[in-house]
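Sequence first, predicted coordinates after that:
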Amino acid sequence: MVAELTKALQQQAQQNPQAFWQQHLQLLDWHRPPEQILDDSNAPLYRWFVDGQMNTCYNACDRHVEAGRGDQIAIQYDSPVTGQAYGISYAELQQQVALLAGALVAQGVMKGDRVVIYMPMVPQTAVAMLACARIGAIHSVVFGGFAAAELASRIDDAKPKIVLSASCGIEPSGPVAYKPLLDAALEQAQHQVECCIILQRPQLLATLQTQRDLDWDEAQQGVDPAECVNVAATDPLYILYTSGTTGTPKGVVRDNAGHAVALAWSMKAIYNIDPGDVFWAASDVGWVVGHSYIVYGPLLIGATSVLYEGKPVGTPDAGAFGRVISQYQVKSFFTAPTAMRAIKRDDPQASQLQQYDLSSLTALYLAGERCDPATLEWAQNALQVPVVDHWWQTETGWAICANLMGIDPLPIKVGSPALAVPGYQVEVLDEMGNAVAVGQSGAISIKLPLPPGTLTTLWDNEQRYLDSYLSQYPGYYLSGDAGYVDEDGYLYVMSRIDDIINVAGHRLSTGRFEEVLAQHPAVAEVAVIGVADKLKGQLPLGLVVLKAGHLGAVNLETELVRLVREQVGPVAAFKLVTVVEKLPKTRSGKILRATMRKMADSQPYKVPATIEDPSALNLIEQALVRMGYGSESVQAAP
């Protein structure tokens, strides 16, 4: 295996992180370049570029206009659910952002104030994020359509001065009213916001409250466009909430300069994107992928970013992604494995995808959940380009392990996100904190300091940050994922730590079972959970979704049991498997394995706020009861 350059960069970043990241400062325009690259005086709370000053919005927008590239398309909006599609140039983006920033200033928003953004996948959402960055306000984007109680909890935690929202989002089934949810959240919240600025969408208008609500367009009339405000490198850029084990959301804090340097470097190093190229991350701005690679990453380097309001299937069909790639000449495409599985389920031969000219595409990038080998191989055959699995988290903000396609493309090993990205020192540890042998599973951890761009703390709760991530193994960040490293240094992320099941003393990863079951030609998606067993402690239970055309598969369960027995071994004691119509997932595509495990063991559970389709849990509950697990009488925890 050839990986000399990647390993040399890893070594440079490990031996002298200050020198490694200092050489990438020129990726940004600075008001005052930093002289101190890394502050380790308060370890384990490290800070990057502490004495530097800059502005993220200036780097993502204004400087490209000043460099004479104002006519280039910055954001290409495509909305099959509304029939709209148009491009916004960098010059137009600069004007829109400056005007909205001026409207925020007119409402009293200042540097350091928080602004909650509760909006759909429209260009105004990106404009809102950049407008906050322009004046040094801290934005917190909440996925449009989140339940009122969840939005209220985020409002109480962030304590925003203003909320930016829209009248509705658009799903394939029709408009989803946001304003009633926002009104209910503000009723429930202890913290009171000063005003709400509402984008009225023609598909469903909202009723505005006279004392509190302002119309989006009217709020910008007669205001002075705002200039960029210089902020400290370590000032927060945004807060992004991720679910916590206690049910209280954790507000991940991202700083300005570390975030911008890391993302700008990653655009070329990982995604092979240069200024002027077209990049598409088919995600949502409510998630970290949308923050990093719909809005900030592509714009920081002067690329064109596709902002897509639609689904991988059903808007109108399983060829939707192919149309967008072809129409806008997308060079690198990023989505979640669940999106590719949805396409595979509806169009197993990829005939609808392949009716478009995909010659502009050089690679597909997958992240957000573990990518099973069957899906990766299917996507490679369908697209005829490298399919690059890479691994990162909301907390890290960019890839921990990836194939550096822009500087050192490596052989793809199916099932692995490749090597640690330079700046991350990834180690697999046992329960005592010792490194395990090659090929042995353990807790995937990252030696401190984390590189620039990763979380610096949790909003208003530094102790929770220390307890959640840095206390298990002193000197390391605990990822919460389990896996192993092979002889070439490739990492294999198999499951969450709590998805390791213990069958008669044998520790087995649910990811390994899923890998095997997904090989069957009838299987589109699969989830395996560990269920309690009096004799063996736990047993693996498989839940499979079938591809279109395989609904009446004969002897399927027998074949699946045999597959696991052959490839994992009798020790797995695999004999529990059933077909389900769909799996419960978050809107970002993560399968709710922990929730299903609690259901199977008749334990109280809480339905996550991020669930995409609550009816999927009812179907799983019925399937588990048929198999003798769970109980329809168990109530979800409040």
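Cool, got the structure. Numbering: from 1, shown residues only.

Report the residue ranges of every domain in this structure.
Domain ranges of the chain: 4-310+390-424, 504-626, per automatic domain parsing.

worst average pLDDT in the ones you listed?
The minimum mean pLDDT among the domains of the chain belongs to domain 504-626 (a mean of 85).

Show me which residues of the lengthiest helix in the chain are buried.
Selection of the longest helix in the chain by residue count, based on DSSP state H, yields helix 90-106. If you call a residue buried by 16 or more other C-beta atoms under 10 Å, then helix 90-106 has these buried ones: 90-105. Where C-beta positions appear, they are placed from N, C-alpha and C, glycine not excepted.

Of those, which is the nearest to residue 242?
Distance to residue 242 across the buried residues of helix 90-106 (C-beta to C-beta) is lowest for residue 104, with 25.5 Å.

what's near enough to touch that closest one?
115, 131-132, 135, 137, 162, 226 (C-beta atoms under 8 Å, 6 or more residues apart in numbering).

Mind doing that once more with 10 Å?
Listed by C-beta atoms under 10 Å, 6 or more residues apart in numbering, the contact set of residue 104 reads 110, 113, 115, 128, 131-132, 134-135, 137, 161-162, 164, 197, 219-220, 223, 226.

Ok, residue 169 next?
Applying C-beta under 10 Å, 6+ apart, the residues contacting residue 169 are 81, 118-122, 143-145, 175-178, 201, 203-204, 284, 309.

Pull out the buried members of the residues you listed.
For the contacts of residue 169, buried by 16+ other C-beta under 10 Å: 81, 118-122, 143-145, 175, 178, 201, 204, 284, 309.

In strands only, show me the residues you listed.
Among the buried ones among the contacts of residue 169, the members found in strands (DSSP state E) are 118, 175.

Name the SS class of the residue lying farthest from the centre of the chain, please.
Within the chain, the residue lying farthest from the chain centre (C-alpha atoms, centre = their mean) is residue 535, at 39.1 Å. Assigned with DSSP: H, G, I helix; E, B strand; the rest coil, residue 535 falls in the coil class.

Quick one: distance of the longest helix of the chain to the chain centre.
Helix 90-106 has its C-alpha centroid displaced from the chain centroid by 27 Å (C-alpha atoms, centre = their mean, to the nearest Å).

Then stretch 615-632?
Distance, centroid of stretch 615-632 to centroid of chain: 29 Å (C-alpha atoms, centre = their mean).

ditto for stretch 383-401
Relative to its chain's centre, stretch 383-401 lies at 10 Å (C-alpha atoms, centre = their mean).

Just the CA coordinates for that stretch, please, in PDB.
Taking C-alpha atoms only, stretch 383-401 is exported to PDB below (Å, rounded to 0.1, in the frame of the first residue of the first chain):
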ATOM      1  CA  LEU A 383     -21.600   5.800 -10.500                       C
ATOM      2  CA  GLN A 384     -18.300   4.300 -11.800                       C
ATOM      3  CA  VAL A 385     -16.300   6.700  -9.600                       C
ATOM      4  CA  PRO A 386     -14.400   6.100  -6.300                       C
ATOM      5  CA  VAL A 387     -16.700   6.000  -3.300                       C
ATOM      6  CA  VAL A 388     -14.900   7.400  -0.400                       C
ATOM      7  CA  ASP A 389     -16.200   6.500   3.100                       C
ATOM      8  CA  HIS A 390     -15.000   9.000   5.700                       C
ATOM      9  CA  TRP A 391     -15.700   9.300   9.400                       C
ATOM     10  CA  TRP A 392     -16.400  12.300  11.500                       C
ATOM     11  CA  GLN A 393     -18.800  13.700  14.100                       C
ATOM     12  CA  THR A 394     -20.800  16.700  15.000                       C
ATOM     13  CA  GLU A 395     -18.200  17.400  17.600                       C
ATOM     14  CA  THR A 396     -15.200  17.300  15.300                       C
ATOM     15  CA  GLY A 397     -16.800  19.400  12.500                       C
ATOM     16  CA  TRP A 398     -14.700  17.700   9.800                       C
ATOM     17  CA  ALA A 399     -13.200  14.400   9.000                       C
ATOM     18  CA  ILE A 400     -11.300  12.400  11.500                       C
ATOM     19  CA  CYS A 401     -10.400   9.600   9.100                       C
END
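
pretty sure residue 457 is in contact with residue 252, am I right?
Yes. Using C-beta atoms under 10 Å, residue 457 makes contact with residue 252 at a distance of 8.6 Å.

which one of these two has more residues nearby?
Set side by side, residue 457 and residue 252 show more neighbours around residue 252, with 23 against 18, by other C-beta atoms under 10 Å.

give me the element that one is part of.
strand 250-255 (DSSP states H and E).

Partner strands of that strand and their direction?
For strand 250-255, sheet partners with direction are given as strand 236-242 (antiparallel), strand 457-458 (antiparallel), following DSSP bridges.

between these, which gets nearest to residue 421?
strand 236-242 (20.1 Å).

Looking at the buried residues of helix 90-106, which one is closest to residue 359?
After measuring the buried residues of helix 90-106 against residue 359 - C-beta to C-beta - the closest member comes out as residue 90, at 26.5 Å.

Pretty sure that closest one sits against residue 302.
Yes. The pair residue 90 / residue 302 is scored as a contact, 7.6 Å apart, by C-beta under 10 Å.

Now for the two: what residues contact both?
Shared contacts of residue 90 and residue 302 (C-beta under 10 Å, 6+ apart): 60-61, 63-64, 67, 69, 72, 74.

which of those residues count as buried?
60-61, 63-64, 69, 72, 74.
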